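K.L.:
With the input below, show me the fold.
(one chain, ligands or ions: 1)
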Amino acid sequence: MAKVKVISAWLDACAGCHMSFLDIDEAIIGLADKIELLATPITDFKEFTPADVGIIEGAISNEHDEEVAKQIRANCKILMVWGDCAVFGGIVSMRNLFSNEEVLDRYYSTESTTINSKIPCSEELPPLVKVKPINQVVKVDCYVPGCPPSAKAILYALSELLEGRIPVLPSETMRYD
Ligand code: SF4
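P.N.:
Below is the predicted model of the structure:
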């Protein structure tokens with residue numbers, strides 16, 4: 001049977017959700033027989049190609065994030081989002097309490113440990129946008145909340161998708177922390 005092709009990305013995130021995926025430990029051996037990871041932070045392939053499942057970790061907080069979310073959506077049949085940042089905006093959305101100028105000033109002028117630091121300014125840097133969850137930019141088919149979601153929840157969601165079902169997570173696997 002052909003393997004299920006998977007693409008994934010982390011946007012404004014801490015990588016914890018993908019780390020939680022790796023915490024499925026030896027179950028990854030069984031998954032490896034059934035899925036093929038194409039462009040993901042794990043494989044470090046960056047060009048998105050058509051896949052069966054797309055996965056996004058992290059919130060959208062700049063124009064590049066919006067573009068990546070649209071690229072993944074355009075290349076996958078089912079889009080699953082991992083973690084509170086992608087599902088709700090999560091801890092990243094605390095930034096919305098402040099203006100972009102206040103955030104950048106705090107980071108580069110107050111907290112920076114670099115002598116004479118200054119706020120980066122380049123046309124290559126994507127403009128910041130109001131932080132939002134993925135479903136405010138593209139259609140999402142499946143949500144796995146938690147910060148991070150447990151490895152058990154991630155494995156369950158992937159296993160259900162492999163069986164051709166949109167996962168409905170059992171309550172004992174759900175986290176809202
Ligand atoms: S949901 Fe939590 S673990 Fe996942 S990217 Fe956000 S802060 Fe990190």
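
K.L.:
all strands for this protein, in order.
P.N.:
Taking DSSP state E as the test, the strands found in the chain are 4-10, 35-37, 51-57, 60-62, 76-82, 128-132, 142-144.

K.L.:
which one of those is the most hemmed in?
P.N.:
strand 51-57 (a mean of 26; mean count of other C-beta atoms under 10 Å). Bear in mind the C-beta positions are built from the backbone N, C-alpha and C, glycine included.

K.L.:
So what are the sheet partners of it and their directions?
P.N.:
Sheet pairing of strand 51-57 (DSSP bridges) gives strand 4-10 (parallel), strand 76-82 (parallel).

K.L.:
Is the last one positioned near the ligand?
P.N.:
This means strand 76-82. No - using C-beta under 6 Å from any ligand atom, strand 76-82 never reaches the ligand; the gap is at least 6.7 Å.

K.L.:
circling back: could the strands of the chain go into JSON lines alongside mean pLDDT and distance to residue 162?
P.N.:
As requested, the strands of the chain are exported to JSON lines (pLDDT from 0 to 100; distance: least, C-beta to C-beta, whole Å):
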{"stretch": "strand 4-10", "mean pLDDT": "97", "distance to residue 162": "6"}
{"stretch": "strand 35-37", "mean pLDDT": "96", "distance to residue 162": "7"}
{"stretch": "strand 51-57", "mean pLDDT": "98", "distance to residue 162": "9"}
{"stretch": "strand 60-62", "mean pLDDT": "97", "distance to residue 162": "27"}
{"stretch": "strand 76-82", "mean pLDDT": "98", "distance to residue 162": "11"}
{"stretch": "strand 128-132", "mean pLDDT": "97", "distance to residue 162": "30"}
{"stretch": "strand 142-144", "mean pLDDT": "96", "distance to residue 162": "13"}
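
K.L.:
With distance to residue 25 added, can I get these in JSON lines?
P.N.:
Formatted as JSON lines, the strands of the chain follow (distance: least, C-beta to C-beta, whole Å):
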{"stretch": "strand 4-10", "distance to residue 25": "18"}
{"stretch": "strand 35-37", "distance to residue 25": "16"}
{"stretch": "strand 51-57", "distance to residue 25": "19"}
{"stretch": "strand 60-62", "distance to residue 25": "31"}
{"stretch": "strand 76-82", "distance to residue 25": "17"}
{"stretch": "strand 128-132", "distance to residue 25": "32"}
{"stretch": "strand 142-144", "distance to residue 25": "18"}
